[in-house]
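K.L.:
below are the sequence and a predicted model; questions follow.
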Amino acid sequence: MPASVITVVGGKGGVGATTIAFEIAQALAKRGRIALVDGDFGGRRTIALLMNAVKELDDARDDANNLSFVALRDGMTAVELAQNIHAGFTLKPDKVEVLVQNFAQSGTSAVVDAPQPFAAAIRPFIVRCQRFLLIVEPTLLGMAGGKAMVAEMLKFGISATSIAPVIVQRDSHAELSRADIERALGAKPVADIPQKSDRRYARAMEQLVEYCGSLITYTAEENLDLGPSIRSPLGDRRLAKLRAPTQLGSGMQGRAGGGIDIEKIEKIKAATHEALTKHIDLMGSADRSDPLKAEELQKEVQAVVNEMITDETVGSAEEVAQLRQEVIDEALGYGPLEDLLRDPEVTEVMANGPDHIYVERGGRLVMTDKHFTNEKQLRLVIERMIAPIGRRIDESTPMVDGRLPDGSRINAIIEPLAISGATLTIRRFGTERLHIRQLLEKRSLTAQMVDFLRACVEARLNIVVSGGTGSGKTTLLNILSTFIPESDRIVTIEDAAELKLEQEHVVRLEARPPNLEGRGEIRIRDLVRNALRMRPDRIIVGECRGGEALDMLQAMNTGHDGSLTTAHANTPRDCLSRIETMVMMAGFDLPSRAIREQVSNAIDLIVQTSRLRDGSRKIIAITEVVGMEADTITTQDVVTFDQRGLDKEGHVIGEFVYSGVQPNCVTRFEEFGISYDIRGLSEMSAAVKW
């Protein structure tokens with residue numbers, strides 16, 4: 001590997017991490033070969049500008065690999081992996097791996113400017129890094145960013161001992177002391193850099209450079225000849241096979257360098273898969289919906305795997321067991337996704353091609369160390385997921401939606417629409433549905449808001465749950481449905497069935513895509529119209545996306561009160577505009593005023609959800625639709641969430657606030673004989689502060 005790698009990471013944007021990386025590299029270049037690597041793919045080209053090397057880097061760029069590097073004065077080399085966002089995301093890690101290995105041969109150490117999350121292309125440097133300099137400001141906001149960065153780095157597999165905080169003071173006022181920062185980050189700062197105007201700045205930078213210099217291993221200079229090697233592709237060699245063992249999470253690839261020959265492991269897996277395909281038809285020999293046949297297939301696969309993978313061929317019993325499980329998962333299950341789908345904390349799984357698999361935990365996206373063997377295996381897993389639900393994916397139908405047996409929603413898209421390879425997204429809903437108490441524990445709303453929403457559902461108000469992707473709309477819709485009386489007949493209509501209602505009298509309808517001949521499609525709006533003939537007391541539409549909004553409004557306006565649905569929008573006002581647009585998509589040339597009158601008469605309440613910066617989901621507004629004034633739909637906020645910033649741990653600070661107005665729907669509560677005291681809301685803002 002390179003003589004040494006030091007990575008500079010900013011706790012948040014604008015703390016000067018790039019400038020510090022430049023100054024460190026400039027000082028260390030006087031002692032030996034140093035490469036300053038621009039790992040920021042945002043297109044700013046800051047390193048090129050700081051080193052006054054834009055033209056040189058452009059002239060030296062290898063267009064085939066998106067790489068550019070140029071040797072400058074005093075033994076310093078500028079490396080620009082990508083000049084823009086597109087080039088950064090299309091750059092293959094194996095190309096960078098060759099560059100890293102050439103640095104190793106030439107005795108060149110690297111200082112890397114790498115904002116988190118680390119892009120895949122820069123990971124050949126990251127996994128070899130001796131120390132991560134975390135640049136933080138001594139402010140509450142700076143510390144929140146620093147703590148979040150440490151958490152992300154630990155999830156990535158970086159050892160806590162390799163994270164070295166560096167305090168950068170951008171003004172004379174420091175909100176936090178050095179001890180506060182050490183306590184919050186769990187690591188002792190290695191330098192305290194004052195303002196540049198401070199006479200202590202030069203000495204502080206000298207000490208930081210000395211610290212970095214102690215990490216550098218200087219070797220004899222050699223000729224740096226990188227071009228021919230970089231232009232020799234690595235073929236199918238994977239970054240995972242070259243990673244350092246201490247920088248990885250779980251998985252067979254994490255044992256590279258730990259006594260296990262990774263290439264040998266891959267050969268054993270390939271031979272086992274070949275034996276399985278000869279003995280067993282993994283796609284067609286058993287119906288996975290039949291437990292008996294699935295169990296029979298499991299036994300056959302287990303027998304072949306046990307015969308091929310033994311202590312003699314692999315090593316320890318633990319390694320044998322893990323390798324056997326990996327092969328079985330690939331043969332019968334969903335390959336590298338199996339472990340992720342077993343993890344109850346994972347709420348979303350995203351495979352961007354075979355090499356990049358991300359998950360969402362606690363509202364935050366992180367990249368995993370999992371990967372598919374190749375594009376073919378990823379396509380096989382997609383087909384295995386959609387086959388039981390009668391869907392297919394190929395060049396004629398390159399997009400597909402569906403659901404797994406556990407209720408998780410899947411979306412897959414392949415070439416030619418997905419340029420970088422097949423992309424799979426899995427939205428998980430867990431084995432146990434959330435109840436209102438969990439939302440209260442998560443502080444997504446208050447008990448007073450729950451009481452108000454309960455009364456609204458019982459009084460048969462028509463409610464739209466609005467929010468962005470992943471903001472918790474379906475979860476909230478499920479919870480609101482629990483307030484529907486058992487005596488009501490409920491009809492649910494969804495594109496892919498996700499709702500899990502607790503009532504017994506529920507009819508579930510699901511839309512159907514067209515077949516290969518383009519026939520047989522059943523749209524949501526077809527199901528809404530059909531539901532009106534099924535004597536429903538309540539109609540719940542999982543999500544309004546198009547023309548079905550018109551049918552939904554007509555149902556709400558013709559005696560089917562108490563209906564519920566969701567819509568994608570960022571604010572309650574945007575939600576009304578979206579519904580108006582969706583009604584126009586129905587194909588009827590209706591005047592805007594007529595549409596708005598339909599909307600204002602049909603919809604009583606909008607509940608706005610949002611996923612906040614700390615990953616938490618909250619109800620940020622409960623808004624009542626009042627009526628019309630001229631050509632405008634009028635609304636009034638009942639409750640809003642007043643966000644005031646972040647605390648030291650990066651959590652959102654704010655409070656739920658009652659607007660003080662008495663909702664018009666209170667009169668309806670009285671008509672329905674529903675017990676509700678509006679004074680509960682008036683006490684809320686004083687009682688609840690987070």
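P.N.:
Right, received. Where do you want to start?

K.L.:
could you use CA atoms for every contact and neighbour count after this?
P.N.:
Noted.

K.L.:
in space, what's closest to N557 - neighbours in sequence excluded?
P.N.:
The spatially closest residue to N557, leaving aside those adjacent along the chain, is A602, at 5.3 Å (C-alpha to C-alpha, 6 or more residues apart in numbering).

K.L.:
for the one you found, list the residues it contacts.
P.N.:
Shown in contact with A602 (C-alpha atoms under 8 Å, 6 or more residues apart in numbering): 462, 553-554, 556-557.

K.L.:
per-domain residue ranges of this structure.
P.N.:
Using automatic domain parsing, the domain ranges for the chain come out as 5-135+207-247, 260-427, 436-598+606-687.

K.L.:
check which helix or strand covers V599.
P.N.:
In this structure, V599 sits in helix 592-602 according to DSSP states H and E.

K.L.:
so which bits of that helix are buried?
P.N.:
By 16 or more other C-alpha atoms under 10 Å, the buried positions in helix 592-602 come out as 595-596, 598-602.

K.L.:
ok, stretch 607-620 next?
P.N.:
Buried residues in stretch 607-620, defined by neighbour count with 16+ other C-alpha under 10 Å: 607-611, 614-620.

K.L.:
report the two of those residues separated the most.
P.N.:
The largest distance within the buried residues of stretch 607-620, taken as C-alpha to C-alpha, falls between V607 and D614 and amounts to 20.7 Å.

K.L.:
before we move on, the earlier item: including secondary structure, could the buried residues of stretch 607-620 go into CSV?
P.N.:
Formatted as CSV, these follow (DSSP: H, G, I helix; E, B strand; the rest coil):
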residue, secondary structure
V607, strand
Q608, strand
T609, strand
S610, strand
R611, strand
D614, coil
G615, coil
S616, coil
R617, strand
K618, strand
I619, strand
I620, strand
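
K.L.:
I'd like these laid out as a markdown table, including distance to L532.
P.N.:
Compiled in a markdown table, the buried residues of stretch 607-620 are given as follows (distance: C-alpha to C-alpha, whole Å):
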| residue | distance to L532 |
| --- | --- |
| V607 | 25 |
| Q608 | 27 |
| T609 | 29 |
| S610 | 32 |
| R611 | 34 |
| D614 | 42 |
| G615 | 39 |
| S616 | 37 |
| R617 | 34 |
| K618 | 33 |
| I619 | 31 |
| I620 | 33 |
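
K.L.:
just curious, which of those is nearest to L215?
P.N.:
Scanning these for proximity to L215, where the rule is C-alpha to C-alpha, the winner is D614, at 34.5 Å.

K.L.:
grab the nearest non-local neighbour of that closest one.
P.N.:
H651 (5.5 Å).

K.L.:
for A148, see how far away the one you found is.
P.N.:
Distance, H651 to A148, using C-alpha to C-alpha, to the nearest Å: 10 Å.

K.L.:
now the domains of the chain in TSV, with distance to E182 and mean pLDDT?
P.N.:
Converted to TSV, these look like this (distance: least, C-alpha to C-alpha, whole Å; pLDDT from 0 to 100):
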stretch	distance to E182	mean pLDDT
domain 5-135+207-247	12	70
domain 260-427	25	76
domain 436-598+606-687	13	87
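
K.L.:
of these, which is nearest I193?
P.N.:
That would be, of the domains of the chain and by C-alpha to C-alpha, domain 5-135+207-247, which comes in at 8.7 Å.

K.L.:
for the domains of the chain, give me a markdown table that also has distance to L176.
P.N.:
Formatted as a markdown table, these follow (distance: least, C-alpha to C-alpha, whole Å):
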| stretch | distance to L176 |
| --- | --- |
| domain 5-135+207-247 | 14 |
| domain 260-427 | 26 |
| domain 436-598+606-687 | 10 |
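
K.L.:
and these: which comes nearest S162?
P.N.:
Nearest to S162, of the domains of the chain and by C-alpha to C-alpha, is domain 5-135+207-247 at 4.8 Å.

K.L.:
quick one: L215 from A110, how far?
P.N.:
For L215, the distance to A110 equals 11 Å [C-alpha to C-alpha].

K.L.:
the more surrounded of those two?
P.N.:
Between L215 and A110, counted using other C-alpha atoms under 10 Å, the more crowded position is A110 (29 against 15).

K.L.:
I figured that one hits A21, correct?
P.N.:
No - using C-alpha atoms under 8 Å, A110 makes no contact with A21, being 10.3 Å away.

K.L.:
need the residues touching each of the two.
P.N.:
L36.

K.L.:
what ranges do the helices span in the stretch 351-500 of the chain?
P.N.:
Secondary structure of the stretch 351-500 of the chain (DSSP state H, counting those that start in this stretch): helices at 375-386, 436-441, 447-458, 473-481.

K.L.:
please save the CA atoms from stretch 421-440 in CSV.
P.N.:
Provided in CSV are the C-alpha atoms of stretch 421-440 (Å, rounded to 0.1, in the frame of the first residue of the first chain):
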residue,chain,number,x,y,z
GLY,A,421,-26.6,-1.3,-13.9
ALA,A,422,-29.6,-2.9,-12.3
THR,A,423,-30.9,-0.9,-9.3
LEU,A,424,-33.0,-2.5,-6.5
THR,A,425,-34.9,-0.6,-3.7
ILE,A,426,-36.6,-2.4,-0.9
ARG,A,427,-38.8,-0.5,1.6
ARG,A,428,-39.3,-2.6,4.7
PHE,A,429,-42.2,-2.4,7.1
GLY,A,430,-41.0,-4.8,9.8
THR,A,431,-42.7,-7.9,11.2
GLU,A,432,-44.6,-5.9,13.8
ARG,A,433,-46.6,-2.8,13.0
LEU,A,434,-46.0,0.3,15.0
HIS,A,435,-48.6,1.5,17.4
ILE,A,436,-49.4,5.0,18.7
ARG,A,437,-47.3,4.4,21.9
GLN,A,438,-44.1,3.9,19.8
LEU,A,439,-44.7,7.2,18.0
LEU,A,440,-45.1,8.9,21.3
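
K.L.:
buried set for that stretch?
P.N.:
With burial defined by 16+ other C-alpha under 10 Å, the residues of stretch 421-440 counted as buried are 421-430, 436, 439.
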